[in-house]
Each structure stands twice: as structure tokens, then as C-alpha cells.
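Trainee: Sequence and predicted model, in that order:
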Amino acid sequence: MRTNNRWVIAIAGVFFQIALGAVYAWSVFRVPLTKQFGWSISQVTLTFTISIFVLGFAAFVGGLWLNRKGPRIVALTGGAFYGVGVFLASFTHSLVWLYISYGLIGGIGLGLGYIVPVAVLVKWFPDKRGLITGIAVGGFGAGALITAPVATRLIQSLGVLSTFAYLGVAYLIVTIIAGMFMQNPPEGWQLEGWKPSALQTSQRAGHDYVLGEALKTWQWWALWMLLFLNTCAGIAVISQEAPIFQELTKVSAVVAGSMVGIASLGNAAGRVFWAWVSDLITRRFTFLVMFILQVLLFWFLPSITTASVMTIVTFVVLMCYGGGFGTMPAFTADYFGPKNVGPIYGLMLTAWSFASAVGPLFIARMRETAGSYAGALHVIAVVMAISILLPILVRPPRASVTTGAAPQRSFA
């Protein structure tokens, strides 16, 4: 479906991401799977870890592919892999089958699909780069809002395996329809009547970097680490969200599932909110504020016993988590240009992959060995405190590559 209406493409991108973002509701499957098959917390959590780990590398492949063949074929392929992977999970009889279906096949679909709206919309909206990338991935953060309560009800009435079947078909339909709208602007297209402001020009790359050129700058690796640290903290909570709510506030599984859905709004809202804020106060200062907030929230989280307060605090934590994904595509386009943001940001998403291997398994292992989540949450708070240095130190590439350039002290 071809259209030059950039807002139609943006809406399709949001629906596409909502379907993919249902992966964030994984915690509602954890307890039913452990009870039905007798698997440990870590074994079930590894499924989610595999899917996100594969996502990062698949996103890099998708970024390279869409640069050569266009975004539509990549979106359709990603949607097909994801829907089929979740559907195949309904035939689970062993951990290996669950890992291959939901983890590997579903993860490939997630990565191929995730990068498409980001790479497409950053080209259609040069005037709203931060906001539109936040909107582009905001749908991903909202996926659990719909899926968590729906999946909880389906599990109670149909069982966990049948739930995978119904959800897989639904994801396939939504992603195929929305993926048909994914397209780049025509060659030479420019937004009529718009010119970048002096502030926007000062924050953006003087030319479009290619992937190899970007990787030679220390700034690319600094942005990778920013994304890794922010993601590691948030994804640890997401992977154990429902069990954390049940343990600390003593609510039922149904109530915990509803709390997951409400808190997931923070993941979605944070992607849009912090991306919008980053257009106003710059990307670096946005990350600095988010890191400081998380130090405080993670430290006091284990002492909360009221469901309403727990939901609010987790909402803000997930706002910061989502804010990293909402802000980083624009951060990348600022530093390295929008033309090749697909492969450059696609490779950067491997930070998400490695965070998925560290955060969820760390908190699951700490829970099993210590008998509570408090120790793990306090460790995360300390790590985030140390991480505050990174957004203070990072500078645009031109500050180090331009001859005679003075160090830049303003947050860019």
C-alpha cells in the first residue's frame, strides 16, 4: 500500500510495534509455565532472554536489508516470523521447543520488524526527530498493556498453550496489514516549508556516516553503553514484573496481571515523553535525568508493600526504560545522520540483546539464591549511580574529529 501521507505511515508503524511489543507481557506466562511443566524461574525466564537477545542481532540484519531492498519486505518477513514463532509455542512439550519457537523464531521476527518503523519514520519527520522516534517505538512499549490482561484471561479459561496459538494468529494479522504501509520517502524528498533551526543544526552530524565510519568513533560505543545500562535495569524488572508484584504486595495473579498492564503504560508513555523532552533539553541531559531517577526508584522499590504505590513507581521505572528506546534513535541520527540509521542503530540494538542476557537472568538468579528481590534491586540502583558519569562525558563526534574544535560543554 503506497502513500505519501507520513502520518498514515506513522500510525501503521505504531500498530506494527504494538503487536511486537506484546513480548513485554512475558511475565504473565512465567507462573503458568512453571506450574504446568515444573520448570524453574530461570529456565522459563530464559525464553524471554533468548527472544530479546536474538532481537538485537536480527535488527542489525534488518537494518542492512532494508537499506538494500526497502522496508516493506523486511516488515512483512519480521511479522511472519514473530506470529509463527508465538503460534508454534502452543505446541510446547519441552524447554528446547519453547526456546526455539518463542525465543529464536519469535526473536528473529521481533528484530527484523522493530527496526523498520524507526528507520522509516526518522526520514519522514526531520522536523520532529525525537518525538516521532518516540512515537515509533511507543507502540512497542504499549504492547503489554493490551496483551497482559488479555493473556491472563485466556490462560485462565483456555490454558497457557492455547493462549500462545490465539495470540500468534492475532500478531500475524496485525503485522502483515501494518507492514504493507512501510516505505521510505521518494528519492530527493524534502519536507516542504521546513528548515532546521540553529539549535537543531548544532546538534546534528555534518554528513551521513556509513556503518564502518560510525564504528570508528568512540561516541558510537558510548551510545551503545548508555542503551545497555538503561535497558539492563528496566528489563530486569519487566522479566519478573508480575512475580515481584505478587511477592511484595501480596496481590493475586489476576491483579498482578492488571498491574503489569497499567505499569506497561509507563514503557509506552516514556518512549514518547522522554523523546519529546530530548528535543527540548537535548538527548544527553535526558539520559542524565533518567539515570538519577532510577537510582532513587530502584533503591526504595523493595520497601513498597502497597499495590497502588508499587504500580506508580514501576510505571516511572518503565518510563525511564522506554525513554532510552524513544530517545536513542534520534540520538543516533543526530550524531551519525539519518540516511544509514537502519544499520547503525540496528547494530546498536545489540546492547538490548546483551542487556536481556544480563538483567533478567541476574534478577532471577538473585531471587532463587537470596529468596527475595531486594538485593538485586539494590545492586541495580548502585550500578545506575555509577552510570551517571556516561551521559555527562559523551560528546558529538565532530568535537573530536574537527581540527581545532573546542570541547563542547553544552548538552547536545
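Mentor: Yep, it's here. Residues are numbered from 1 along each chain as shown.
Trainee: Poorly predicted segments of the chain, please.
Mentor: 1, 196-206, 398-412 (pLDDT under 70).
Trainee: make it 50
Mentor: Scanning the chain for pLDDT under 50 picks out 399-412.
Trainee: List the buried residues in the helix or strand that contains Ile392.
Mentor: Under the criterion of DSSP states H and E, Ile392 resides in helix 389-393. Within helix 389-393, the residues scored as buried using 16 or more other Cβ atoms under 10 Å are Leu390, Pro391. Every C-beta, even on glycine, is put in place using the N, C-alpha and C of the backbone.
Trainee: could you say what helices and strands that helix packs with?
Mentor: helix 218-239, helix 283-300 (3 or more Cβ pairs under 8 Å, 6 or more residues apart in numbering; DSSP states H and E).
Trainee: Using CSV, write out every CA atom in the longest one.
Mentor: Right, helix 218-239. The C-alpha coordinates for helix 218-239 follow below in CSV (Å, rounded to 0.1, in the frame of the first residue of the first chain):
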residue,chain,number,x,y,z
TRP,A,218,34.1,6.3,20.5
GLN,A,219,30.8,8.0,20.5
TRP,A,220,29.0,5.1,18.9
TRP,A,221,30.3,2.8,21.6
ALA,A,222,29.3,5.3,24.3
LEU,A,223,25.8,5.4,23.0
TRP,A,224,25.8,1.6,22.9
MET,A,225,26.8,1.5,26.6
LEU,A,226,24.1,4.1,27.5
LEU,A,227,21.5,1.9,25.9
PHE,A,228,22.9,-1.2,27.5
LEU,A,229,22.9,0.2,31.1
ASN,A,230,19.4,1.7,30.8
THR,A,231,17.9,-1.4,29.2
CYS,A,232,19.6,-3.8,31.7
ALA,A,233,17.9,-2.1,34.6
GLY,A,234,14.4,-1.9,33.2
ILE,A,235,14.3,-5.3,31.5
ALA,A,236,15.3,-7.0,34.8
VAL,A,237,12.0,-5.7,36.3
ILE,A,238,9.9,-6.4,33.2
SER,A,239,11.0,-10.0,33.2
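Trainee: List the buried residues in it.
Mentor: 219-220, 222-224, 226-239.
Trainee: What separation do you get for the most centrally placed residue in the chain and Leu227?
Mentor: By Cα atoms, centre = their mean, the chain has its centre lying nearest to Phe325, at 5.3 Å. Applying Cβ to Cβ, to the nearest Å, the value for Phe325 to Leu227 is 8 Å.
Trainee: Equivalent analysis for Gly266, please.
Mentor: With the distance defined as Cβ to Cβ, Gly266 ends up 18 Å from Leu227.
Trainee: The stretch 51-200 of the chain: helices as residue ranges?
Mentor: Along the stretch 51-200 of the chain, counting by DSSP state H, counting those that start in this stretch, helices occupy 71-88, 95-98, 106-124, 129-158, 160-179, 198-203.
Trainee: Next, the angle from the fourth one to helix 160-179.
Mentor: Okay, so that is helix 129-158. Angle, helix 129-158 to helix 160-179, by axes from the mean of the first three to the mean of the last three Cα atoms, to 10 degrees: 150 degrees.
Trainee: How far does stretch 339-354 stretch from one end to the other?
Mentor: 26 Å (Cα to Cα, to the nearest Å).
Trainee: quick one: that stretch to chain centroid distance?
Mentor: 12 Å (Cα atoms, centre = their mean, to the nearest Å).
Trainee: which outside residues touch it?
Mentor: 52-57, 59-64, 66-67, 111, 114-115, 118-119, 122-123, 208-211, 214-215, 220, 223-225, 227-228, 231, 235, 328-329, 332-333, 336 (Cβ atoms under 8 Å, 6 or more residues apart in numbering).
Trainee: Now with 7 Å, please.
Mentor: Residues from elsewhere that reach stretch 339-354 (Cβ atoms under 7 Å, 6 or more residues apart in numbering): 52-53, 55-57, 59-60, 62-64, 66-67, 115, 118-119, 122, 208-211, 214, 223-224, 227-228, 231, 329, 332-333, 336.
Trainee: just stretch 23-39 next, same as before
Mentor: 41, 44-45, 48, 51, 95, 110, 143-144, 147-148, 151-152, 155, 160, 238-243, 253, 257, 260, 264, 267.
Trainee: And that stretch, what's buried?
Mentor: By neighbour count on 16+ other Cβ under 10 Å, the buried set for stretch 23-39 is 23-34, 39.
Trainee: one step back: which stretch among the helices of the stretch 51-200 of the chain approaches Tyr321 most closely?
Mentor: For the helices of the stretch 51-200 of the chain, the distance to Tyr321 is smallest for helix 129-158, at 8.2 Å, taking Cβ to Cβ.
Trainee: Helix, strand, or coil at the residue nearest to the centre of the chain?
Mentor: helix (DSSP: H, G, I helix; E, B strand; the rest coil).
Trainee: quick one: it and Gly270 touch, right?
Mentor: No - under the criterion of Cβ atoms under 7 Å, Phe325 makes no contact with Gly270, lying 8.6 Å away.
Trainee: Tell me how many other residues surround Val61.
Mentor: Residues within reach of Val61, counting by other Cβ atoms under 10 Å, total 17.
Trainee: separation between the nearest residue to Pro302 once chain neighbours are set aside and Met366?
Mentor: Leaving aside its chain neighbours, Pro302 sits nearest to Ala374 (3.7 Å; criterion: Cβ to Cβ, 6 or more residues apart in numbering). Distance from Ala374 to Met366, counting by Cβ to Cβ: 9 Å.
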